[in-house]
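Trainee: what's the 3D shape of this:
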Amino acid sequence: MRHTVQEIATALGLQAAGAVSFEITHAAEPVGAASDALALAMNPDYADGLAQGDAQVAMLWEGADWQALGLQAAIFAPRPRLAMSGLTQMLDAGLGLDAGIHATAVIDPTAVIGGGASIGPFVVINAGVVIGTNARIASHVSIGLNSRIGNDCLIHPGVRIGSNIRIGDRFIAQAGGVIGADGFSFVTPEKSGVEKARETLGDQGDVANDGQGQAWTRIHSLGGVEIGDDVETGGNVTIDSGTIRATRIGRGTKLDNQVHLGHNVQVGEDCLLCGQVGIAGSTKIGNRVVMGGQCGASDNIFIGDDVVAGGATKVFTNVPAGRVILGSPAVKMETQMEINKSLRRLPRALKQLAELKAEFKANFGPDVQKSVSKSDENT
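Mentor: This next block holds a predicted model:
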């Protein structure tokens, strides 16, 4: 795949200079870049690396002196990460799927496959499924009964899509994801130890279940999953079906690898949920929420629009719109930073307290010393 400098600049809406007919085959970091690479040095900090490679063309920061850097041509990127988005899309060779249906695919006669679709090896598509136009479905994907997937979807190898799933246009699912698994929902004939603990917020001791066994009975998931347009799910994402109403993900939301959404969870539009985020059942997340890696949220709570949760934050209660939170349990980020400072000071404070107690005992009579010792024992 070869592109001229001008072709790339035009496609990305950027300005180019120099030998714009020069062809490149790939992008590379400046250090060690080959002569046919587009070196990515969109920050002055990376300029020195150009001298350590053979690149003749680079994507540079706005206003860079490309000739002084010894280049034949340059593309200027005022917003580097946005330029990277377009460039990587342009240079992505994709999954290499051929148009049409592979001979090993198993497709129920009642399924409807849109025009221009590519169905890879060992794909299984069940009865009543509808696949939109220009779908690209890689090997070993399975799609359950009566599910519908929109136009221009891209489903990577090994994705499992359950029954009664509704997915919008331009959906991307990375390898190994499971969409529409049964929710983790069980009940016992009598009140379980968990229910009793919730009621009392205390230790139930030996009488938690009155000495009886605790047999769990499944509550089946009938609600399926509904996913809006332009949603992406990462590797090994798991999204549980709703019990009666659907688990929902709004338009434009992106889920990172190993994110888990429990049954009945509602996620708004344009959210980012980073790696290993876990959302317990029936929690509602607003629009444009960002949750860092390993964040968790309890069941049946609400997280408002535009909330930002730092990595490893654990959310146990409702969060109002616009708040920036951190910690476990989650508090305002500025509060958590003060808590962190206090914790760092704690060893020094305890040492100072011990020194003061020792000095106090040394400077006062035996009666006071006995009183202090008795106070220590009670503590």
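
Trainee: pLDDT below threshold where in this protein?
Mentor: The chain contains residues with pLDDT under 70 at 204-213, 365-379.

Trainee: Repeat the analysis, applying 90 as the threshold.
Mentor: The chain contains residues with pLDDT under 90 at 1, 93-99, 189-214, 355, 357-379.

Trainee: Would you map the helices across it?
Mentor: Secondary structure of the chain, counting by DSSP state H: helices at 5-12, 80-91, 193-200, 333-363, 366-378.

Trainee: between these, which gets nearest to A58?
Mentor: Of all the helices of the chain, it is helix 5-12 that lies closest to A58, at 9.9 Å by CB to CB. For every residue, glycine as well, the C-beta is placed using N, CA and C.

Trainee: name the helices or strands packed onto that closest one?
Mentor: strand 15-18, strand 73-76, helix 80-91 (3 or more CB pairs under 8 Å, 6 or more residues apart in numbering; DSSP states H and E).

Trainee: Can I get the second one in PDB? Just the C-alpha atoms.
Mentor: Yep, that's strand 73-76 we're talking about. Taking C-alpha atoms only, strand 73-76 is exported to PDB below (Å, rounded to 0.1, in the frame of the first residue of the first chain):
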ATOM      1  CA  ALA A  73       8.800  16.700   2.400                       C
ATOM      2  CA  ALA A  74       6.600  17.200   5.500                       C
ATOM      3  CA  ILE A  75       3.000  17.200   6.600                       C
ATOM      4  CA  PHE A  76       2.000  19.500   9.400                       C
END
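
Trainee: other SSEs contacting that strand?
Mentor: Helices and strands touching strand 73-76, by 3+ CB pairs under 8 Å, 6+ apart, are helix 5-12, strand 15-18, strand 57-60.

Trainee: how does the protein divide up, domain by domain?
Mentor: With domains defined by automatic domain parsing, the chain comprises 3-91, 101-204+213-331, 333-378.

Trainee: Columns mean neighbour count on top of the ones you listed, output as JSON lines?
Mentor: Formatted as JSON lines, the domains of the chain follow (neighbours: other CB atoms under 10 Å):
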{"stretch": "domain 3-91", "mean neighbour count": "17"}
{"stretch": "domain 101-204+213-331", "mean neighbour count": "19"}
{"stretch": "domain 333-378", "mean neighbour count": "11"}
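
Trainee: quick one on the thing from earlier: mind putting the helices of the chain into TSV with distance to G53?
Mentor: Output for the helices of the chain, formatted as TSV (distance: least, CB to CB, whole Å):
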stretch	distance to G53
helix 5-12	17
helix 80-91	18
helix 193-200	60
helix 333-363	41
helix 366-378	68
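
Trainee: And these: which comes nearest M59?
Mentor: Across the helices of the chain, closest to M59 is helix 80-91 (CB to CB), at 6.6 Å.

Trainee: Give me the residues contacting the closest one.
Mentor: Applying CB atoms under 8 Å, 6 or more residues apart in numbering, the set of residues contacting helix 80-91 from outside is 1, 3, 8, 11-14, 26-27, 38, 40, 42-43, 59, 61, 75, 77.

Trainee: The closest residue to H102 other than its chain neighbours: what's it in contact with?
Mentor: Sequence neighbours aside, P121 is the residue nearest to H102 in space, at 4.7 Å (criterion: CB to CB, 6 or more residues apart in numbering). Going by CB under 8 Å, 6+ apart, P121 touches 102, 104-105, 139-140.

Trainee: do the same with A175
Mentor: 138, 156-159, 235-236.

Trainee: quick one, what contacts the residue found closest to it once you drop the neighbours it is linked to in the chain?
Mentor: The spatially closest residue to A175, leaving aside those adjacent along the chain, is H156, at 4.3 Å (CB to CB, 6+ apart). By CB under 8 Å, 6+ apart, the contact set of H156 is 95, 138, 172-175.

Trainee: List the beta-bridge partners for G278.
Mentor: Taking DSSP bridges as the rule, G278 bridges to H260, G296.

Trainee: OK, contacts around it?
Mentor: So G278 contacts 259-260, 262, 295-297 (CB under 8 Å, 6+ apart).

Trainee: State the pair within those residues that is farthest apart.
Mentor: Greatest spacing in the contacts of G278, by CB to CB: G262 and C295 (13.9 Å).

Trainee: re earlier: N146 is nearest to which of the helices of the chain?
Mentor: Of all the helices of the chain, helix 80-91 comes closest under CB to CB, at 32.5 Å.

Trainee: just to revisit the earlier point, in TSV: the helices and strands packed on helix 5-12, plus distance to Q52.
Mentor: Shown next, in TSV, are those (distance: least, CB to CB, whole Å):
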stretch	distance to Q52
strand 15-18	20
strand 73-76	17
helix 80-91	20
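
Trainee: Indicate which one of these is closest to P329.
Mentor: With CB to CB, the closest approach to P329 among those belongs to helix 80-91: 32.8 Å.

Trainee: Show me what stretch 283-302 is in contact with.
Mentor: Among residues not part of stretch 283-302, those counted as contacts by CB under 8 Å, 6+ apart are 250, 256, 262, 265-282, 303-319, 321.

Trainee: All set, thanks.
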